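Visitor: predicted model, plus sequence, below.
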Amino acid sequence: MADWDYDTGGPRSSAPDELCHPQSEYSQWKLKLFRVRSMEKAPLPVEDKDSLTAAPNIDNGLSPGSVMKLCLGGKSKENVEGPGQRVDRKLQEMDTHMDHLRLLCRLCGTVLMKVKGPAHDVHGDLDNVTKTALRKMGCRFTTWPEVIHKVFKVDVTDDIESVHPLSFCHRCWMVVIRGGGFCSFSRTRVPEWKPHSSHCSLCSPRKPSFQRTGRKRRTVLPRAHSLPKRTRWEYSDSIVIGERRLLKPFGERNRSSAPRDCKKASVQREQWVRNITHCQRDHLSAQLVSGGLPVDFLFAFTCAVCDHLLSDPLQSPCGHLFCRSCITKYTHAFGSRCPACNSSCTSDDLSPPANSFLSALHSLPLLCPRGCNEHIRLDSFKTHCLGHDLGDQKEKPSEVDYLLINKGGRPRQHLLSLTRRAQKHRLKELKSHVKAFAEKEEGGDVKAVCLTLFLLALRSGNEHKQADELEALMQGRGFSLHPAVCLAIRVNTFLSCSQYHKMYRTVKATSGRQIFQPLHSLRAAEKELLPGFHDFEWQPALKNVSPSCNVGIINGLSGWTSSLDDAPADTITRRFRYDVALVSALKDLEEDIMEGLKNSGLDDSVCTSGFSVMIKESCDGMGDVSEKHGGGPAVPEKAVRFSFTIMSVTLVTSNEKGEVSIFTEPKPNSELSCKPLCLMFVDESDHETLTAVLGPIVAERNAMKESRLILSIGGLARSFRFHFRGTGYDEKMVREMEGLEASGSTYVCTLCDTTRSEASQNMVLHAITRSHDENLERYEIWRQNPYSESVEELRDRVKGVSAKPFMETQPTLDALHCDIGNASEFYKIFQDEIGEVYSKVNPTREERRSWRTALDKQLRKKLRLKPVMRMNGNYARRLMTQEAAEAVCELVPTEERREALRELMRLYLQMKPVWRATCPAKECPDQLCRYSFNSQRFADLLSSTFKYRYNGKITNYLHKTLAHVPEIIERDGSIGAWASEGNESANKLFRRFRKMNARQSKSFELEDVLKHHWLYTSKYLQKFMEAHKDSAKALQAVIDPEEARDDEEMTLDVTDF
């Protein structure tokens, strides 16, 4: 009995004096337990100077197994334990308890070595394989504590090494992967881990019989004197959970020389084959070798793991040989050790043996086990056995032979093609067997037995997706969709909040499962996709731009003076900040950028700088977007959209590769790639208001040109520089932004200084001379008039510049509006040829109306083209064909004019692919080479045969088509890829989103339209939508058939562009 200590109020500790703390208010074992948990490294105070010893330096990378040494202040057992003294038992118990914890799973409590696969660190970062798998399913976490907290609802950040295990098993890892990093589809119950105590279930488990009966445990076991006495290590060398001893840990001290602990090598290998490798049916036994070869000779050709003949052998550095599959499964189960000599042996150290050894192995003679008594070489053994199998199948009548001879002489029908009554008749015997088994084993639950059989059949056929859905149905929980999938369905089907909520409640009530997510889950998913969610940095900081990152939708008129003169009352605009929107667009392309780095063979961790991003800017008016619901005068409501498209991402490398293309937009003219930046209720003809609204965007754009963006892509901070090209503008918008006169001006072109008469006389030989800086200089001359010239002289000097240019545009040609403009001109040529204007002077308006009526009637009859009030892209595409020219030629009276019209259309169709193609050098190289010749021939026809129309005048787009296309292609490489089709085709989207988000306030309405239009262009949602395309269409057709038809028509219109 320990003596009582009156100072501490407890029993006096028998620990040595070195471990006694002079100022302790607790018992000695509690003090040491506290030191184990806090992991203090300070040396223990001593009372005697003679016993003072310097504590060794303890490295921060100390392994968990040295806690005992750490608790002793850096001293070893021999230094502390003197004669007649012993180490404190509490510290030994704590050390043993922590050894037990290291071998258990933190999440399910099972022994790590009982589960196939590697163990994973609870507090570590995600590896590349796990991160890639979770990212494909929408999980953006980078560390295991975040994923574990999301899936298992357990916070492991405050774990203590003496209470909680530090690893989790591969089975829990599979649960995380199957749940996508968001939820768990298994019934994993996380155990409640408690500190070590005298009643610890790991160190001293209770017997289940005592827990069940509630009897008091006897102090003395029966027949205790007859039991052999065991040493102290024999009690602590196995980890005990419950009553069964599950595992014996590795270590030097556990290698006992007693005969009862040693196992024969053959018995050990039989256990490995039975529990680990499972290669009995795959590998050949050494007993098949014929010829009476020596035992030692055969031993050289057997696997050190399974004792079978080597199959695809590998050799370790220590010289031992294994089958590839056996050593792989062995290392997964027991670690990177050689099974023969226990030396270190990783998978990288293994290599194939010498070719001479392989030839000797393959030449071993084997005796056929099928009874033919033939001796076959090892390399041809499988072929020989396959011949036996084929012979057996030929001798045995197949099932087809039985099926052909059936009752009634008819072929047997498939089970699913029968009626319900016939199915019951055919499965009658099987049903009785299943019912008898269910009544005997499962309490009569036939449904559970059948579903389980179906589930196992799906698993065996690798139909895991259907199996997961069936398993979820069997467990009574819905297989709900991801919030991003629900958001993609809502945006792509144009459902309002009330429509989606109604659908959500209806599906939940009818099916009993929550398939769709509620609205608040969708709003949480929206935040990650909208601008203002991600952190970034500009180096140097942007001038006159706030460094804040979490900026969402802002008012485009912010900063204006509140007066009616400066801002009209009906001017409403909403936009994103330009740099924040670009950051969100780049994060949306994160997977594509990482995939591009991988495909280019570049090291992901090295490519952190040198990224260059090319941006295409587009701006155009949407016309009248007013909702005409009731009577009264129709007040036009004009709107303008400014958008951008990420065309490409390139990387400048220091090696011979130079500039490498990482990402290129595959559909640059699609409305899915054109991201909205600013929406405004403004008339595009209002130059002053448009200048003021787009002024902040211009300032942000100019600031970004002089800085570089630091953004995290793929877990690493990377540097991006942006290059902007304003090419997605039509003729009218370019003249507005560059301060030029209207399109009816004498100066016909926005690319050169030529006049309309000069362009009609010389249609081909012109060069691009205008630029944004030159237009600014000319505006200053126009404003100041330094030479005191007259209006006509000053106008001729500035070449048509009459307003201040406020946004830089790329001197180029818009392919979409070029097609529309040229189609309008051909439509007028067709009318003139029908009426023979070349031989008439000043025809009347009635005559021209009759010619147009005849042309519309002929086009409707031959091409089913309905007349339009204004030329559009679809009409222009169908009008500019050789078929249309042939239909018009039926109305032209003379054969000479018909041939001229056919030749004109033929030349135009040969030139058109050059400016419409995304990459003309690859798509139409022949037309590109002949473009100069065709354009010259086309110009000769206009100036000779059609001189009556082009005498001293020419249209803007015809001039650009004939004079500037080759120069633009040589400079930019393409015209069609930089067109404004994406922005134009999104006009109908604006009306659909406005109808979807109809609200009382136009300001909030514009915010909702901008937000949902941005989500519509998200690559992340498009990938989800691609997988659920059919379900979304069916859902839309059920909710609103008329809307579904409108959506189909809109899709056709977009593709027609």
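Guide: Now that the structure is in, tell me what you want to look at. Numbers count the residues shown, from 1 in each chain.
Visitor: can you name the residues that contact the nearest residue in space to residue 888 that is not next to it in sequence?
Guide: Spatially, and ignoring its direct neighbours in sequence, residue 888 is nearest to residue 830 (4.8 Å; C-beta to C-beta, 6 or more residues apart in numbering). Any C-beta I mention is one placed from the backbone N, CA and C, and that applies to glycine too. Counting by C-beta atoms under 8 Å, 6 or more residues apart in numbering, residue 830 makes contact with 855, 888, 901.
Visitor: among those residues, which ones are in helices?
Guide: Among the contacts of residue 830, DSSP state H puts 855, 888, 901 in helices.
Visitor: and which of those is nearest residue 755?
Guide: residue 901 (28.6 Å; C-beta to C-beta).
Visitor: so which of the ones in helices among the contacts of residue 830 is surrounded by the most neighbours?
Guide: In terms of neighbours by other C-beta atoms under 10 Å, the ones in helices among the contacts of residue 830 top out with residue 888 at 26 neighbours.
Visitor: from residue 486, how far off is the spatially most central residue of the chain?
Guide: Among the residues of the chain, the one closest to the centroid is residue 136, at 4.5 Å (C-alpha atoms, centre = their mean). Distance of residue 136 to residue 486, computed by C-beta to C-beta, to the nearest Å: 18 Å.
Visitor: same check, this time on residue 611
Guide: Residue 611 is 33 Å from residue 486, where distance means C-beta to C-beta.
Visitor: what's the helix or strand for residue 440?
Guide: Using DSSP states H and E, the element containing residue 440 is helix 428-441.
Visitor: now find how far off-centre that helix is within its chain.
Guide: 48 Å (C-alpha atoms, centre = their mean, to the nearest Å).
Visitor: check which helices and strands that helix sits against.
Guide: For helix 428-441, the helices and strands in contact under the criterion 3 or more C-beta pairs under 8 Å, 6 or more residues apart in numbering; DSSP states H and E are helix 446-460.
Visitor: just want the angle from the helix it packs on to helix 428-441.
Guide: Relative orientation of helix 446-460 and helix 428-441, computed by axes from the mean of the first three to the mean of the last three C-alpha atoms, to 10 degrees: 110 degrees.
Visitor: helix 446-460: how far from the chain's middle?
Guide: Relative to the chain's own centre, helix 446-460 is displaced by 33 Å; criterion: C-alpha atoms, centre = their mean.
Visitor: kindly report the same for stretch 816-828.
Guide: Distance of stretch 816-828 from the chain centroid (C-alpha atoms, centre = their mean) equals 42 Å.
Visitor: avg pLDDT for that stretch?
Guide: Per-residue pLDDT over stretch 816-828 has a mean of 92.
Visitor: try stretch 503-517
Guide: Across stretch 503-517, the average pLDDT comes to 82.
Visitor: return the set of buried residues in it.
Guide: Going by neighbour count (16 or more other C-beta atoms under 10 Å), the buried part of stretch 503-517 is 503-504, 507-508, 516-517.
Visitor: need those residues in a markdown table with distance to residue 910 and secondary structure, can you?
Guide: Formatted as a markdown table, the buried residues of stretch 503-517 follow (distance: C-beta to C-beta, whole Å; DSSP: H, G, I helix; E, B strand; the rest coil):
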| residue | distance to residue 910 | secondary structure |
| --- | --- | --- |
| 503 | 52 | helix |
| 504 | 55 | helix |
| 507 | 55 | helix |
| 508 | 60 | helix |
| 516 | 53 | coil |
| 517 | 54 | coil |
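Visitor: if we only consider those, which is nearest to residue 276?
Guide: Of all the buried residues of stretch 503-517, residue 276 sits closest to residue 517, with 43.2 Å by C-beta to C-beta.
Visitor: surely the closest one meets residue 481?
Guide: Yes - when contacts are counted by C-beta atoms under 8 Å, residue 517 is listed as touching residue 481 (6.6 Å).
Visitor: tell me the contacts of residue 276?
Guide: Shown in contact with residue 276 (C-beta under 8 Å, 6+ apart): 329-330, 333.
Visitor: mind running it again at 10 Å?
Guide: By C-beta atoms under 10 Å, 6 or more residues apart in numbering, residue 276 lies in contact with 116, 305-306, 326, 329-330, 332-334.
Visitor: follow-up on the earlier one: I'd like the contacts of residue 830 laid out as JSON lines, including distance to residue 106.
Guide: Converted to JSON lines, the contacts of residue 830 look like this (distance: C-beta to C-beta, whole Å):
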{"residue": "855", "distance to residue 106": "80"}
{"residue": "888", "distance to residue 106": "80"}
{"residue": "901", "distance to residue 106": "82"}
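Visitor: before we move on, the earlier item: export the helix or strand hosting the residue nearest to residue 888 to PDB, keeping only CA atoms.
Guide: Per DSSP H and E, residue 830 falls inside helix 815-835. Output in PDB follows, covering the C-alpha atoms of helix 815-835 (Å, rounded to 0.1, in the frame of the first residue of the first chain):
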ATOM      1  CA  ALA A 815     -17.300  38.800 -90.600                       C
ATOM      2  CA  LEU A 816     -21.000  38.600 -89.500                       C
ATOM      3  CA  HIS A 817     -22.000  42.100 -90.500                       C
ATOM      4  CA  CYS A 818     -19.900  41.900 -93.600                       C
ATOM      5  CA  ASP A 819     -22.100  38.900 -94.700                       C
ATOM      6  CA  ILE A 820     -25.300  40.800 -93.800                       C
ATOM      7  CA  GLY A 821     -24.100  44.000 -95.600                       C
ATOM      8  CA  ASN A 822     -23.000  42.200 -98.800                       C
ATOM      9  CA  ALA A 823     -26.300  40.100 -98.800                       C
ATOM     10  CA  SER A 824     -28.300  43.400 -98.700                       C
ATOM     11  CA  GLU A 825     -26.300  44.600-101.600                       C
ATOM     12  CA  PHE A 826     -26.800  41.400-103.600                       C
ATOM     13  CA  TYR A 827     -30.600  41.600-102.800                       C
ATOM     14  CA  LYS A 828     -30.700  45.100-104.500                       C
ATOM     15  CA  ILE A 829     -28.600  43.800-107.400                       C
ATOM     16  CA  PHE A 830     -31.200  41.000-107.900                       C
ATOM     17  CA  GLN A 831     -34.000  43.600-108.000                       C
ATOM     18  CA  ASP A 832     -32.100  45.800-110.500                       C
ATOM     19  CA  GLU A 833     -31.400  42.800-112.800                       C
ATOM     20  CA  ILE A 834     -35.000  41.700-112.800                       C
ATOM     21  CA  GLY A 835     -36.100  45.300-113.800                       C
END
